[in-house]
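K.L.:
The following block contains a protein sequence and its predicted model.
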Amino acid sequence: MRANCWTGRNSVDVQEVPDPTILNDRDAIVRITSTAICGSDLHLYDGYIPTMEKGDILGHEFMGEVVELGSGVGNLAVGDRVVVPFPIACGACNACVAGLYSVCENTNPNAGMAENLFGHAPAGIFGYSHMLGGYPGGQAEYARVPFADVGPIKIENDGLADETVLFLSDIFPTGYMGAEMCDIKPGDVVAVWGAGPVGQFAIASAYLLGAEKVIAIDRFDYRLAMAAEHSGAQTINYEEVDVPDALLEMTAGRGPDACIDAVGMEAHSDLGPLQVYDRAKQAARLETDRGPALRQAIMSCKNGGTVSVIGVYGGFMDKFPVGSWMNRSITMRTGQCHVQRYTRPLLDRIERGEIDPSFVVTHRLPLDQAPRGYETFKNKEDNCVKVVLSP
């Protein structure tokens, strides 16, 4: 089969690789009909996530048709149309029973690698380094799905196009969880750093959960326009105004009730010397994560407010404002999304017409053009927000 493979820093290539096979009785083989490039894939592409190996198959946002099942999968049938969550979860460990699927205790066979960096190991993830399991990803024609009796959700409504449900695999639940962690109450103001795909869903989800005002913060006018036109967000271009001052003005001097970091480890900043400092240290591998978005979210949040972190971080950052966090009674909540917790309720919202997640799709390419898709997405060419690949 053909698959998009990591071949080194800033390099991917669509190659012929062996077809996946059933290895365990809870496996399924899925013929992929749609897959996407995630913003967190760019961290792999840029070489900031360790334990990647040349030839690794990328991709953790995918859906398709079940073509083969292990004997232990009783809830699916060959021919079912499914969306596959990006974290791989067993469904039976303490974490899964608590609904914390992205920290499943049984699906990361390389837990020792992750423990060296994180202290404890999270779950295995499709196409996201050997530290997180070494599982082949979904930017391919076929994928093996372990624990298929726990993860995939059946799409039984043939009227829903792939692009309408594909993002149940990751970015819609991730954005929704980011908003949910804010404990939004009527009248709340929520600020969202990053108006990429996850940020767009965090903004839309904050409104779904009852926020009175949502403020999108980014430097690309086309992404801010999407947030304003689709979700009704107010916007701040951080290259044009001072963000903390603007937020104080927009919240009567109080600050947002909640702040969402939907950027993560490669955040950009308009603060010249600090941006140079962060980029230089990250390029020299003296720090793994650039922190301007998270720093600013903490410093801007109201006293007693909540900072929700759904942008991906991989290790360590400098100049974390721990004093502001502690002394101002700020609650910080975070985590890789526990996707399996959200797929059914969010599918229900889609079917009720409350949201059509396909609004983020700007580019559609065949799988063979995945290298072009990565470059277009990384470099923000042609007003790119989201790339969907068709095998």
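P.N.:
Sure, I can see it.
K.L.:
tell me the secondary structure for the closest residue to residue 381 other than its chain neighbours?
P.N.:
Nearest non-adjacent residue to residue 381, counting by CB to CB, 6 or more residues apart in numbering: residue 375, 7.3 Å away. The C-beta positions use only the backbone N, C-alpha and C, and glycine is treated the same way. Look at residue 375: counting by DSSP: H, G, I helix; E, B strand; the rest coil, its state is helix.
K.L.:
any idea how far residue 375 is from residue 37?
P.N.:
Remark: distance between residue 375 and residue 37 (CB to CB, to the nearest Å) = 10 Å.
K.L.:
So which of those two has more stuff around it?
P.N.:
Set side by side, residue 375 and residue 37 show more neighbours around residue 37, with 28 against 14, by other CB atoms under 10 Å.
K.L.:
which residues sit in contact with that one?
P.N.:
59, 61, 139, 370, 373, 374, 377, 386, 387, 389 (CB atoms under 8 Å, 6 or more residues apart in numbering).
K.L.:
just curious, which of those is nearest to residue 226?
P.N.:
Of all the contacts of residue 37, the one sitting nearest residue 226 is residue 386; the distance, using CB to CB, is 10.1 Å.
K.L.:
ok, now which ones touch the residue lying closest to that closest one once chain neighbours are set aside?
P.N.:
Spatial nearest neighbour of residue 386, chain neighbours left out: residue 360 (4.4 Å); criterion: CB to CB, 6+ apart. With contact set as CB under 8 Å, 6+ apart, residue 360 has these partners: 167, 171, 197, 200, 201, 226, 385, 386.
K.L.:
Kindly report the same for residue 247.
P.N.:
Counting by CB under 8 Å, 6+ apart, residue 247 has contacts 191, 215, 236, 255, 256, 300.
K.L.:
May I ask which of these has the most neighbours?
P.N.:
residue 191 (32 neighbours).
K.L.:
Quick check: that residue is in a strand.
P.N.:
Yes: using three-state DSSP, the assignment for residue 191 is a strand.
K.L.:
Tell me what it is bridged to.
P.N.:
residue 215, residue 259 (DSSP bridges).
K.L.:
how near is it to residue 86?
P.N.:
Applying CB to CB to residue 191 and residue 86 gives a distance of 26 Å.
K.L.:
Isn't the residue nearest to residue 381 up against residue 384?
P.N.:
No: between residue 375 and residue 384 there is no contact under CB atoms under 8 Å: 9.7 Å.
K.L.:
So what does residue 132 have for phi and psi?
P.N.:
Dihedral pair for residue 132: phi -110, psi 30, per degrees, to the nearest 10.
K.L.:
tell me the phi and psi of the closest residue to residue 291 other than its chain neighbours?
P.N.:
Counting by CB to CB, 6+ apart, residue 291 lies nearest to residue 317, which is 4.0 Å off, once chain neighbours are set aside. Dihedral pair for residue 317: phi -130, psi 160, per degrees, to the nearest 10.
K.L.:
Show the contacting residues for residue 317.
P.N.:
So residue 317 contacts 265, 287, 288, 289, 290, 291, 294 (CB under 8 Å, 6+ apart).
K.L.:
Dump those into a markdown table; add distance to residue 246 as well.
P.N.:
Listed next are those as a markdown table, based on distance: CB to CB, whole Å:
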| residue | distance to residue 246 |
| --- | --- |
| 265 | 25 |
| 287 | 28 |
| 288 | 30 |
| 289 | 25 |
| 290 | 22 |
| 291 | 20 |
| 294 | 18 |
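K.L.:
Among those, name the ones in helices.
P.N.:
residue 294 (DSSP state H).
K.L.:
now, which of the contacts of residue 317 sits nearest residue 115?
P.N.:
residue 288 (16.3 Å).
K.L.:
was I right about the closest one contacting residue 316?
P.N.:
Yes: using CB under 8 Å, residue 288 makes contact with residue 316 at a distance of 5.5 Å.
K.L.:
Please enumerate the helices of the stretch 101-250 of the chain.
P.N.:
111-118, 162-165, 171-180, 197-208, 221-226, 243-250 (DSSP state H, counting those that start in this stretch).
K.L.:
do you know which of those helices lies nearest residue 269?
P.N.:
Comparing the helices of the stretch 101-250 of the chain by CB to CB, helix 243-250 comes nearest, at 9.9 Å.
K.L.:
then the closest one to PDB, C-alphas only?
P.N.:
Backbone C-alpha positions of helix 243-250 (Å, rounded to 0.1, in the frame of the first residue of the first chain) are rendered in PDB as follows:
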ATOM      1  CA  VAL A 243      -2.600  41.600  23.600                       C
ATOM      2  CA  PRO A 244      -2.700  42.100  27.400                       C
ATOM      3  CA  ASP A 245      -3.800  45.700  27.000                       C
ATOM      4  CA  ALA A 246      -6.400  44.800  24.500                       C
ATOM      5  CA  LEU A 247      -7.800  42.100  26.600                       C
ATOM      6  CA  LEU A 248      -8.000  44.400  29.600                       C
ATOM      7  CA  GLU A 249      -9.900  46.900  27.500                       C
ATOM      8  CA  MET A 250     -12.300  44.200  26.200                       C
END
